[in-house]
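Turn this into a structure:
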Amino acid sequence: MGKYNRLNYNETIIKINFFAALLLVAFLPFSNQWITYFIALWVLTYILEGKLKLKTKEWKNWKLWLPISIVIINIFSICFSFDKATSFSIVQTLVSLVLIPLVFISVNKVYQFKKNSILISYVIGNFLLVLFLYCNFFYINQDAFQNDEITRNSLLGIFNRFSSNYVHHSYISLHISLAIVFVLHLLEINRRRKSTIFISIFLVILFSSVLIFLKSRAALLVFILLTFYLLFKYLNNVKFWIKALTLVIMVIGIGYVIMQSRLASNINWVFNKIGLEEKKYNLYQNENFEDGLKYWDAYAPDTITCIIIDSPYGKALRIKRDIGQGWWSLRYVGRKIYYHKDLTYNIFFKLKVLEGEKIPYNVRWWVQQGEFKSDLKLSIDSLNNGWLDCKASYTFMNDYQDLVTFTNSELTNSLFDITNIRLTCDDSTNRPMFVDQIEDMRITLWKNSLIVWNEKLIFGHGIGDAKSRLIEIHKDMVITEAYEKKYNSHNQFLETATQTGFIGLIVLLLVFAIPLYQSIKKKQELLFLFLVICFINFMFESMLQRLAGVVFFAFWYSYLWFVYYKDEKVIPNS
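Have a look, this model is predicted:
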């Protein structure tokens, strides 16, 4: 009787343990405090199962020590870190990278008998998260939708900001990318049912829409690679014209998605860099103002013309308004200016009034900071032949980018000439003036991280001091946003390199390379795709600096490598 009760108790604990794993994986996409409790319940029931001596024998498995080696190298770096408090805080975040692999290396046989239940629970969790985000988003913004106040482009931005209030958008896209992989895998092993096919297609479309709305660069790269992977997998034996047509449609579709995403800004930046050599000779602030005249454009609600003429000061723009009253604008459409916070910018120009009243006092440098600041006071000096030398100044309250624009509210017909327009500022740090010269923030963070790593190449600064040193670099280079928000490297490989140097980076790369090689060799598709997804996301986020990222990586790394494709004999229940 006692033996029966003991077996019944053991079976109950095993069920609770597996149920705790299902809860953990279902709540994983939400990245909230409940995750910690589910991990605690899961580990506790694992211990209560007993047979700890038998389980600890599995700790000799070399696979186990790959993820744990990340924690070991970080603990070692505490020895040469001055900031011990930060060091221990980071180590606490990494505890899951020890606990989860230790449990999965010796879990009970239920995990193999019901291994797809873990995947299904995760997909359900992602579906609930997406449902929650969409319902709340449309409910909160219903008035704006009814009044047609939200355009397509603003919709993407609003959803991006809205979702980030609940879960960081990078982690949402990370979870959804993996969920799409699991949905397709589950469909492949159970595609005889029409209901399964319908549900799978619905979930893939729903999850993909969120990836597009979030505009995450890492997620879109994953989405593109996954699309082409599936294309070559399932269309390998079809006719060439079908394969070619499908490829063309996918390329067009993916191209459209990319141009609606934040990747578009990176692409534009590259092309602008290529064209800078031609552009730099056509700028109004250079001495050769005449070459830049073709980049000026005049606009008004009525008739207005803008032609190039000769003047005592070189080529000039002649602005003529034949009819109408009200405002007009003159803007430089060549390149946008990037105005830096707390810097005073001065704009100079020469002006001659030929017809009209109140000019030039109503010719204004138009600056938009919170509200329109079109009434900037002009400092005016008289020159020969009716020409006036004008100057206006403005100190920017925030970083801001825009075209250089002049406005005029003249109520009568007008005709005047303008030339020698220059924009200057006294910036001791010599930061870029043009938007196309501004690097993407992540590229700047990566460059600064390389500087930090180069200072201590082999062992790094230690997990306690690396980030503070990076923030110092941000401050020295006057990268205000990065300094004020205390940005990390936004790249886990560089984050590891700054913390634990070349040694730590090699360890992290081996954590990826060894199971990746095995997944290719043994055709373990889920493990392969998981590693690819994580590798890409590690390139854009410091995932192991947040508990949400650590738990995600530790759970699926251990489960897919230790359990899902496990060939060895499992530990018996009895």
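
L526: which element?
helix 525-540 (DSSP states H and E).

And for I380?
Judged by DSSP H and E, I380 forms part of strand 379-382.

A179 too?
helix 169-189.

Let's see that helix as CSV, backbone CA atoms only.
Provided in CSV are the C-alpha atoms of helix 169-189 (Å, rounded to 0.1, in the frame of the first residue of the first chain):
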residue,chain,number,x,y,z
HIS,A,169,8.7,45.2,-29.2
SER,A,170,11.9,43.4,-29.9
TYR,A,171,10.9,40.6,-27.5
ILE,A,172,7.4,40.4,-29.0
SER,A,173,8.8,40.0,-32.4
LEU,A,174,11.3,37.4,-31.1
HIS,A,175,8.5,35.3,-29.6
ILE,A,176,6.2,35.6,-32.6
SER,A,177,9.0,34.6,-35.0
LEU,A,178,9.6,31.4,-33.1
ALA,A,179,5.9,30.8,-32.8
ILE,A,180,5.5,30.9,-36.6
VAL,A,181,8.2,28.3,-36.9
PHE,A,182,6.4,26.1,-34.4
VAL,A,183,3.0,26.5,-36.1
LEU,A,184,4.5,25.4,-39.5
HIS,A,185,6.2,22.5,-37.8
LEU,A,186,3.0,21.3,-36.1
LEU,A,187,1.2,21.7,-39.4
GLU,A,188,3.8,19.5,-41.1
ILE,A,189,3.4,16.6,-38.7
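
Quick one: work out the angle between it and helix 525-540.
Helix 169-189 runs at 170 degrees relative to helix 525-540, counting by axes from the mean of the first three to the mean of the last three C-alpha atoms, to 10 degrees.

and the next element down the chain from the helix holding L526?
According to DSSP H and E, the helix or strand after helix 525-540 is helix 547-558.

Let me know the average pLDDT across that next one.
Mean per-residue pLDDT for helix 547-558: 94.

Output the contacting helices and strands for that helix.
For helix 547-558, the packing partners by 3 or more C-beta pairs under 8 Å, 6 or more residues apart in numbering; DSSP states H and E come out as helix 34-48, helix 65-77, helix 96-104, helix 169-189, helix 525-540. No exception for glycine: its C-beta is placed from N, CA and C like everyone else's.

Return the set of buried residues in the first one.
If I follow you right, that is helix 34-48. 35, 38-39, 41-43, 45-46 (16 or more other C-beta atoms under 10 Å).

Report the buried residues of the helix or strand that it is followed by.
Next helix or strand after helix 34-48 toward the C-terminus (DSSP H and E): helix 52-56. Of all the residues in helix 52-56, those buried under the rule 16+ other C-beta under 10 Å are K55.

CA atoms only for helix 52-56, dumped as CSV, please.
Provided in CSV are the C-alpha atoms of helix 52-56 (Å, rounded to 0.1, in the frame of the first residue of the first chain):
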residue,chain,number,x,y,z
LEU,A,52,18.4,13.4,-7.4
LYS,A,53,21.5,11.2,-7.3
LEU,A,54,20.4,9.5,-10.6
LYS,A,55,19.6,12.9,-12.1
THR,A,56,22.9,14.5,-11.1
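
on that earlier part again, looking at the following helix or strand past the strand holding I380 now, give me its mean pLDDT.
The element immediately downstream of strand 379-382 (helix or strand, assigned by DSSP H and E) is strand 387-395. Strand 387-395 carries an average pLDDT of 88.

Going by distance to Q545, which of the buried residues of helix 34-48 wins?
I35 (16.1 Å; C-beta to C-beta).

show me the contacts for the residue nearest to T303 when sequence neighbours are not counted.
Distances taken as C-beta to C-beta, 6 or more residues apart in numbering put D322 closest to T303, at 4.8 Å, once the chain neighbours are dropped. Each residue near D322 by C-beta atoms under 8 Å, 6 or more residues apart in numbering is listed here: 303-305, 413.

Buried only: go through these for me.
I304.

Need the single longest helix in this protein, by residues.
helix 492-521 (DSSP state H).

Could you pull out the buried residues of that one?
492-501, 503-505, 507-508, 511-512, 515-516, 518-519.

pretty sure V353 belongs to a strand, no?
Yes: per DSSP: H, G, I helix; E, B strand; the rest coil, V353 lies within a strand segment.

Can you get me a residue count around it?
17 (other C-beta atoms under 10 Å).

Across the sheet, point out what pairs with it.
In this structure, V353 bridges to F416 when assessed by DSSP bridges.

ok, it touching G386?
Yes: V353 is within contact range of G386, at 6.9 Å (criterion: C-beta atoms under 8 Å).

before we move on, back to that, could you identify the least confident member of the buried residues of helix 34-48?
Within the buried residues of helix 34-48, pLDDT is lowest for I35, at 86.

wait, what's in contact with that one?
24, 27-28, 547-548, 551.

same thing but 7 Å
By C-beta atoms under 7 Å, 6 or more residues apart in numbering, the residues touching I35 are 24, 27-28, 551.

Walk me through the domains of the protein.
Split into domains by automatic domain parsing, the chain comes to 2-264+447-564, 289-432.

and these, which one's lowest on average pLDDT?
Minimum mean pLDDT among the domains of the chain: domain 289-432, a mean of 77.

Please compute how far that domain lies from its chain's middle.
37 Å (C-alpha atoms, centre = their mean, to the nearest Å).

what do you get for stretch 8-15?
For stretch 8-15 - counting by C-alpha atoms, centre = their mean - the centre lies 44 Å from the chain centre.

Pull out the buried positions in it.
10, 13-14.

For T480, see how far away Y234 is.
49 Å (C-beta to C-beta, to the nearest Å).

Give the residue from those two that has the larger number of neighbours.
T480 (15 against 12).

which residues does the more buried one contact?
Residues near T480 by C-beta under 7 Å, 6+ apart: 341, 399.

Now for the residue nearest to the spatial centre of the chain: which residues touch it?
When C-alpha atoms, centre = their mean is applied to the chain, the residue found nearest the centroid is S216 (4.9 Å). The contact partners of S216, by C-beta under 7 Å, 6+ apart, come to 169-170, 173.

okay, now I189: neighbour count?
I189 - counted by other C-beta under 10 Å - has 8 other residues nearby.

State the number of residues packed around the closest residue to it other than its chain neighbours.
Closest residue in space to I189, ignoring its immediate chain neighbours: N116 at 7.4 Å, by C-beta to C-beta, 6+ apart. Counted with other C-beta under 10 Å, residues neighbouring N116 total 14.

Quick check: N116 touching L186?
Yes: with contacts counted by C-beta atoms under 7 Å, N116 reaches L186, the gap being 6.5 Å.

among the contacts of I35, which are in helices?
Using DSSP H, those in helices are 24, 27, 551.

Distance of the closest residue to the last one other than its chain neighbours relative to Y37?
In other words, V551. Closest residue to V551 apart from its sequence neighbours, by C-beta to C-beta, 6+ apart: S96 at 4.9 Å. Distance from S96 to Y37, counting by C-beta to C-beta: 13 Å.
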